[in-house]
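Q: Have a look at this prediction, sequence included:
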Amino acid sequence: MRGDFTRRQFLGSTATGLVALGYGVGAPSMAAEGEGPTPKRGGVLTIGQDENPIGLDPHKTAAFSTTNIAEHIFTCLLRWDATVSRVEPDLAVAWENPDPQTFVFHLRDGVKFHNGDVLTSDDVKFTFQRMVDPATRSPWASIFSVIREIETPDPRTVVFRLAHPFSPFLNYLATVRYTAIVSREDVKRRGDLVTGGVGTGPFMLEDFRPNSLVRLKRNADYYEPGLPYLDGLDFRIIPDEGSRMAALRAGSVQLTWLSRPDSAAQMRDVADIVAPEPEAYSRLMLLEFDQRKPPFNDVRVRRAFSLALNRELIVKVVWRGRAGLTAALPPMQAPFAVPSGEVPGLPYAREDVAAAKALMAEAGYAGGFETIFAVSPANYGDVQIAQIIQQMVGRVGIRIKILQKEWSNLVTDFQSTESPISMAGLVWGPDPDTNISIRLDSHSTVNPGKTADPVLDDLLAKARQSYDQAERVSHYRAVQQRVAEMAYVITPCAAALRWEMWSTKLQGYRALPSTLRVYLRQSWLQ
């Protein structure tokens, strides 16, 4: 059986969840040929980029700022369709699954990397071997440890044999953030791709000036006929939000996004600017404890911390009400996520200062303790949330010193568990397994809190091995119940990842809750 069977059998477990994210089949799609404005070739789109990419190697960092660039340089075996609810062929033109643990992919003929080398099955095999190689230190290594063997019977055929059924597999294969295909020879020649490398995407790297500019130019050999329309993409690094707003108004950039709800509101009525309201809350705030040593190895302390918080107040003060309560999966990831209205019913999720003080005393910390909370000012709301939490938990004797770090250092701290408490926002993932497993499974190579819970591991394994959606929903709801019960993480709120906006000169473009911009290959400047 071919690709259509695979989508029906395996995406049946995830497509409804993605429909609920605002990616349903009823979502607007690209205009059919002969309808709407005629695409115009040429021109360079200037993008106001808020964060400097932490290198350009897609396998070495989980940073959102790297994905923003890499998704235009690299492509994957599969890709999301225009509704972002189903996967479709990309570098692989067809695929088969003779059994739930075997996937056979047939590569598109004649695809070239940006250096002229032809893509082969060896490059695909090398890509996945590189990600699981401990020397790469990829944050995705644990995800792809499910691959038992990769066979390349000929240059255009790749066979993945999995250790067990893995329902998110195709979704990962369609997402550049996780499975960007790289050139074996290019990586061996360069050593890594931190300063750039060759991909098979619609644009290729021309210039990378850290903290200033990333310039991409049109890939004349891109395999989709006639695409891209644009001659290039210039990512101007503009960390200051006010400056990005001014640049968009002045026309010196034609596409940007804002992180503050009040900033977005100011742009809503500006002439010649398209500023849609986000369809869903896609950014989950995740506070992690170092569970390896006191005081946060004691569940009573973690529970007390959770009980000390007024999450509704955080939503009201920081996000002006434009956010939602959340469990360990953001509410946009329905039906797997606990709905915002049901979050207060989870264990230790409702404010109770008296109960928190009692737990602190029971744990031997009646006098409280001092600790450090690492956070970055790079993203709106993070420091403010930390400050509010500092005041709230101070009522039960937890005296926090806030340590503000530059974003790349905070990511390292978060992933390496350097501070007793750290907090970062999680971005959209292609499957409910995406963020929850890599953060909480004891086998994960990231696992910032160093959670080690066999019960949780078993629930996560059942959820990712089932191809039945109802079973997956049940398992992920149980996961979130367990996480709340053990207070492994604190999730203050979920909000929009960004408020994206652009000049009316940019045609054929639309914002997605995932913030994927891969459809810039189909956009043009009027």
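A: Received, thanks. Numbers count the residues shown, from 1 in each chain.
Q: mind listing the helices for the stretch 251-400 of the chain?
A: Per DSSP state H, counting those that start in this stretch, the stretch 251-400 of the chain carries helices over the ranges 261-267, 299-307, 311-319, 353-362, 382-394.
Q: pLDDT (mean, whole number) over the last one?
A: I take that to be helix 382-394. The average pLDDT within helix 382-394 is 97.
Q: Let me know the angle separating that helix from helix 299-307.
A: Computed by axes from the mean of the first three to the mean of the last three C-alpha atoms, to 10 degrees, the angle separating helix 382-394 from helix 299-307 equals 120 degrees.
Q: got the contact list for helix 382-394?
A: 285, 287, 305, 308-310, 313-314, 317-318, 373, 375-377, 400, 402, 404, 423-425, 490, 492-493 (C-beta atoms under 8 Å, 6 or more residues apart in numbering). All C-beta atoms are positioned from the backbone trio N, CA, C, and that covers glycine.
Q: The same query, at a cut-off of 7 Å, please.
A: Helix 382-394 is contacted from outside by 285, 305, 308-310, 314, 317-318, 373, 375-377, 400, 402, 404, 423, 492, using C-beta atoms under 7 Å, 6 or more residues apart in numbering.
Q: These in strands, which ones?
A: 285, 373, 375, 400, 402, 404, 423 (DSSP state E).
Q: State the distance from residue 156 to residue 475.
A: 37 Å (C-beta to C-beta, to the nearest Å).
Q: rewinding a little: determine which stretch of the helices of the stretch 251-400 of the chain is the most buried.
A: Between the helices of the stretch 251-400 of the chain, helix 299-307 has the highest mean count of neighbours, a mean of 23, where neighbours are mean count of other C-beta atoms under 10 Å.
Q: packing partners for that one?
A: helix 353-362 (3 or more C-beta pairs under 7 Å, 6 or more residues apart in numbering; DSSP states H and E).
Q: And the next helix or strand past the lowest-mean-pLDDT helix or strand in the chain?
A: Ranked by mean pLDDT, DSSP states H and E, the helix or strand of the chain with the weakest confidence is helix 15-18, at a mean of 31. Sequence order places strand 44-49 as the next helix or strand after helix 15-18, per DSSP states H and E.
Q: In whatever helix or strand comes next after that following strand, which of the residues would be classed as buried?
A: Next along the chain after strand 44-49, taking DSSP H and E as the criterion, comes helix 64-73. Within helix 64-73, the residues that count as buried by 16 or more other C-beta atoms under 10 Å are 64-73.
Q: re the thing from before, generate CSV for the helices of the stretch 251-400 of the chain, with distance to residue 508 as supplementary columns.
A: Listed next are the helices of the stretch 251-400 of the chain as CSV, based on distance: least, C-beta to C-beta, whole Å:
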stretch, distance to residue 508
helix 261-267, 21
helix 299-307, 46
helix 311-319, 31
helix 353-362, 53
helix 382-394, 34
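Q: Relative to residue 59, which of those helices is closest?
A: helix 382-394 (26.0 Å; C-beta to C-beta).
Q: Run through the chain and note the low-pLDDT ranges.
A: Along the chain, the model assigns pLDDT under 70 to residues 1-35.
Q: Just give me the longest helix of it.
A: Counting by DSSP state H, the longest helix found in the chain is helix 469-486.
Q: Which of the buried residues of helix 64-73 sits closest to residue 330?
A: residue 64 (14.6 Å).
Q: Distance-wise, check the spatially closest residue to the closest one that is not a sequence neighbour relative to residue 180.
A: Leaving aside its sequence neighbours, residue 64 sits nearest to residue 427 (C-beta to C-beta, 6 or more residues apart in numbering; 5.0 Å). Residue 427 sits 16 Å away from residue 180, going by C-beta to C-beta.
Q: who has more neighbours, these two?
A: With neighbours defined as other C-beta atoms under 10 Å, residue 427 and residue 180 compare such that residue 180 has more, 24 against 20.
Q: For that one, which non-adjacent residue is closest in space?
A: residue 74 (3.5 Å).
Q: What is the neighbour count of the one you found?
A: That count, for residue 74 with other C-beta under 10 Å as the rule, works out to 28.
Q: next one: the one 4 residues further on
A: By the measure other C-beta under 10 Å, the count of residues near residue 78 is 25.
Q: Quickly list what it is bridged to.
A: On the basis of DSSP bridges, residue 78 is bridged to residue 89.
Q: That one: what's it in contact with?
A: 87-90, 92, 170, 173-174.
Q: Can you flag the buried ones in these?
A: The buried subset of these (16+ other C-beta under 10 Å) comprises 87, 89-90, 92, 170, 173-174.
Q: In helices, which of those appear?
A: Reading helices off the buried ones among the contacts of residue 78 with DSSP H, I get 170, 173.
Q: could the buried ones among the contacts of residue 78 be laid out in JSON lines, adding distance to residue 44?
A: Putting the buried ones among the contacts of residue 78 into JSON lines (distance: C-beta to C-beta, whole Å) gives the following:
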{"residue": "87", "distance to residue 44": "31"}
{"residue": "89", "distance to residue 44": "29"}
{"residue": "90", "distance to residue 44": "25"}
{"residue": "92", "distance to residue 44": "31"}
{"residue": "170", "distance to residue 44": "34"}
{"residue": "173", "distance to residue 44": "31"}
{"residue": "174", "distance to residue 44": "28"}
